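Student: Here's my sequence, what's the structure:
(one chain, ligands or ions: 2)
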Amino acid sequence: MALRAIIFDVDGTLAETEEAHRIAFNEEFAAWGLPWEWDRDLYRELLAVTGGKERIRHYIAEYAPPKGEEVLEKVPELHKAKSERYMRMIADGSVPLRPGVARLIEEAKAAGLKVGVATTTSTPNVETLIRATLGRPAAEVFDAMACGEEVERKKPAPDLYRLALEKLEVFPKEAVAIEDSRNGLRSALRAGVQTVITPSSYTADEDFTNALAVVSHLGEPDMPYDHVAGFGFSGDMITADALRRWID
Ligand code: XBP
Ligand code: MG
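Tutor: Residues are numbered from 1 along each chain as shown. Ligands and ions are numbered 1, 2, ... in the order given. Have a look, this model is predicted:
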């Protein structure tokens, strides 16, 4: 089947946002008087659970931090405040898009492909990132968005990719996913979507077995990507044309 759509993950794939999420979690914990500190190693472990609310509940259940039980019923409120903090942090464009992201989005659209997102994070977070980096509303950039609050089961369940496919009106075999994590890869593959991985700072050591390819990033004319595993592309960049040839 011919390629008709590219579906991007957001956190770690469009931009290295996880560090901003981690800092926002920690600042919000401090604002609530919670003696919780997620350092980078702990956060890497906690990323095994996707979704901020789910991640906090997992932390309380598995790590039994002080005041955990009393916070449990206030997790939605705590997470909402963290999200507002996160959006304030990224709204000035201080977290840029990763190399090749803006280029591939534009190229794909010019080539008549649809472009969507499938992300565990919430719609306002995506809108803030896109407005801050591309200066346009996300609804103008993407043909469809599937975000965490719209599904019952987040990644690695296939629900977000299934929803993105449905909204884009394409079959799984007509799409390719761009992801940075094993959870994202599993989600896309379970929905039947082939996946290119651009590992991020938190996911570089994960197992990407069954990815179409693993490349350091999508590449720019003056910044060629490094090929890590899987299919190799000719040239220095992941292009819409190369993805199309691959999927065909
Ligand atoms: C990203 C996530 C998110 C972010 C935090 O996973 O798991 O939970 O860490 O965002 P993916 P929220 O990139 O696979 O979608 O706090 O808004 O959930
Ligand atoms: Mg991700």
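
Student: Only C-alpha atoms from now on, for both contacts and neighbour counts.
Tutor: Will do.

Student: Tell me which helix or strand in this structure has the weakest average pLDDT.
Tutor: Least confident helix or strand of the chain, by mean pLDDT, DSSP states H and E, is strand 227-230 with a mean of 80.

Student: Can you list the low-confidence ranges for this structure?
Tutor: Filtered on pLDDT under 70, the chain yields the residue ranges 232-234.

Student: Give me every residue in it lying close to ligand 1.
Tutor: 9-12, 18, 21, 50-52, 119-122, 184 (Cα under 6 Å from any ligand atom).

Student: After the longest helix anywhere in the chain, which helix or strand is next? Please name it.
Tutor: The single longest helix within the chain, with elements called by DSSP state H, is helix 75-90. As assigned by DSSP states H and E, the chain's next helix or strand after helix 75-90 is helix 101-110.

Student: contacts for the following helix or strand past that following helix?
Tutor: Sequence order places strand 114-118 as the next helix or strand after helix 101-110, per DSSP H and E. For strand 114-118, the surrounding residues in contact (Cα atoms under 8 Å, 6 or more residues apart in numbering) are 4-10, 105, 108-109, 141-147, 160-161, 164, 168.

Student: Filter these down to the ones in helices?
Tutor: Per DSSP H, the contacts of strand 114-118 map to helices at 105, 108-109, 141, 160-161, 164, 168.

Student: ok, these vs ligand 1, which is closest?
Tutor: Leu160 (9.0 Å; Cα to the nearest ligand atom).

Student: and that closest one, how many neighbours?
Tutor: When counting by other Cα atoms under 10 Å, one arrives at 30 neighbours for Leu160.

Student: pretty sure it contacts Glu152?
Tutor: No - here Leu160 does not reach Glu152: they are 9.3 Å apart, not a contact under Cα atoms under 8 Å.

Student: now the strands: where do they sit in this protein?
Tutor: Under the criterion DSSP state E, the chain carries strands at the ranges 5-8, 114-118, 144-146, 175-179, 194-197, 213-215, 227-230.
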